[in-house]
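Enquirer: generate a structure from the sequence data that follows.
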Amino acid sequence: MIDITTGDAVRQRILELCREHNITINKLATISGVTQSTVNNIISMRNNSATIVTIKKLCDGVGITLSDFFSTDYFNNLEQEIK
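Expert: Numbers count the residues shown, from 1 in each chain. Next up is the predicted model:
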C-alpha cells in the first residue's frame, strides 16, 4: 500500500462517502451544514487538517458515526506522521 497522509485519508474517505451515497461534494456540504468552501478545501488538499467537528458534521450529514468514518483501511494503515 502506498503511504498516505492523514489529510489524504480524510479526503479519500469523504470522496468514498459521496460515491456510496450518490451525492456530490456540494450536496454533502449542504446536508452537513459545512460551508462549501471548507469541503472544497479539504478535497483539494488546501486544508490538510480538517477539524474533528467538521468531520462529525459530515458524518451527521450522511448518517454515520465517527467510528464508521474512521473504521476503514485508509486510517488503519496510516504511517506515523511524526518522523
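
Enquirer: quick one, longest helix in this protein?
Expert: The residue-count maximum for a helix in the chain (DSSP state H) belongs to helix 6-20.

Enquirer: now Gln80, what's its secondary structure?
Expert: Secondary structure assignment for Gln80 (DSSP: H, G, I helix; E, B strand; the rest coil): coil.

Enquirer: would you mind measuring from it to Asn22?
Expert: Computed as CB to CB, to the nearest Å, the Gln80 to Asn22 distance reads 35 Å. Where you see a C-beta, it was placed from the backbone N, CA and C, and this is true even at glycine.

Enquirer: repeat that for Ile42.
Expert: Applying CB to CB to Ile42 and Asn22 gives a distance of 20 Å.

Enquirer: may I see the buried residues of the helix or strand of the chain with the lowest mean pLDDT?
Expert: Least confident helix or strand, the chain: helix 73-76 with a mean of 87, by mean pLDDT, DSSP states H and E. Using 16 or more other CB atoms under 10 Å as the test for burial, helix 73-76 gives Tyr74.

Enquirer: which residues are in contact with it?
Expert: Residues outside helix 73-76 that contact it (CB atoms under 8 Å, 6 or more residues apart in numbering) are 1, 4, 6, 8-9, 12-13, 16.
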